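**Student:** Structure for this input, please:
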Amino acid sequence: MKPVVVFVLGGPGAGKGTQCARIVEKYGYTHLSAGDLLRDERKRPGSQYGELIENYIKEGEIVPVEITISLIKRAMDQTMAANSQKNKFLIDGFPRNEDNLQGWNKTMDGKADVSFVLFFDCDNEICIGRCLERGKSSGRSDDNRESLEKRIHTYLQSTKPIIDLYERMGKVRKVDASKSVDEVFEKVVQIFDKEG
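**Tutor:** A predicted model of the protein is given here:
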């Protein structure tokens, strides 16, 4: 069975991780966060990419697509090898730019089906506030105002055009992510119930 993928996009702090956890619980998807995969790989002893990833993340820049896709593909392969019924994936925080999208199309064409893009639309100031709050306990090196402003700039410059591209293909399901966690999830449930 081919993996079925939903790309989950939105600015830093839009609530992607929080909502993905709930989708996993209700619909049995496997959640793959591009950022978490990169952060884990960065910490993995003996990783050939660790230092490189660290530098990109600190600068709020996007890690080279080959690295990200190889980590995503490895995680999907491992999940499906462990349980062939687990072929539905939420890929959170990817594709983040044109280069990511081209890399995905080149590597995964015919190997995975993208159902739709779940887009969490949220005001930048709300996002920054949420991340600064999260930063008090997350221990993430990029939850500070300077990194966040760079990340939001990168998001607007690079990721928003990808969302617009999928929008033109009729593949975007947009959710107002500025509301409460429960209100946002209600809307998510409507989308997943309809999309199957």
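**Student:** On the three-state scheme, Arg173 is what?
**Tutor:** Classification of Arg173 using DSSP: H, G, I helix; E, B strand; the rest coil returns strand.
**Student:** Would you enumerate the residues in contact with the closest residue to it other than its chain neighbours?
**Tutor:** Spatial nearest neighbour of Arg173, chain neighbours left out: Ile191 (4.7 Å); criterion: Cβ to Cβ, 6 or more residues apart in numbering. C-betas here are computed from N, CA, C, even on glycine. Going by Cβ atoms under 8 Å, 6 or more residues apart in numbering, Ile191 touches 118, 173, 175.
**Student:** Using CSV, lay out those residues together with neighbour count and pLDDT.
**Tutor:** What follows is those, written out as CSV (neighbours: other Cβ atoms under 10 Å; pLDDT from 0 to 100):
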residue, neighbour count, pLDDT
Leu118, 24, 97
Arg173, 18, 98
Val175, 23, 97
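**Student:** between these, which is closest to Lys111?
**Tutor:** Leu118 (20.8 Å; Cβ to Cβ).
**Student:** Confirm the closest one sits in a strand?
**Tutor:** Yes: Leu118 forms part of a strand when assessed by three-state DSSP.
**Student:** Helices of this structure, start to end?
**Tutor:** Along the chain, the segments classed as helices by DSSP state H run 16-27, 34-43, 50-58, 65-82, 98-108, 124-138, 145-154, 160-168, 181-195.
**Student:** Output the fourth one as PDB, nothing but the C-alphas.
**Tutor:** Yep, that's helix 65-82 we're talking about. Extracted in PDB, the C-alpha atoms of helix 65-82 (Å, rounded to 0.1, in the frame of the first residue of the first chain):
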ATOM      1  CA  VAL A  65      15.600  19.200   1.100                       C
ATOM      2  CA  GLU A  66      17.600  16.000   0.600                       C
ATOM      3  CA  ILE A  67      18.200  15.700   4.300                       C
ATOM      4  CA  THR A  68      14.600  16.400   5.300                       C
ATOM      5  CA  ILE A  69      13.100  14.000   2.700                       C
ATOM      6  CA  SER A  70      15.500  11.200   3.500                       C
ATOM      7  CA  LEU A  71      14.400  11.500   7.200                       C
ATOM      8  CA  ILE A  72      10.600  11.600   6.300                       C
ATOM      9  CA  LYS A  73      11.000   8.700   3.900                       C
ATOM     10  CA  ARG A  74      12.900   6.700   6.500                       C
ATOM     11  CA  ALA A  75      10.200   7.300   9.200                       C
ATOM     12  CA  MET A  76       7.400   6.400   6.700                       C
ATOM     13  CA  ASP A  77       9.200   3.200   5.700                       C
ATOM     14  CA  GLN A  78       9.800   2.200   9.300                       C
ATOM     15  CA  THR A  79       6.200   2.800  10.300                       C
ATOM     16  CA  MET A  80       4.800   0.800   7.400                       C
ATOM     17  CA  ALA A  81       7.400  -2.000   7.900                       C
ATOM     18  CA  ALA A  82       6.200  -2.300  11.500                       C
END
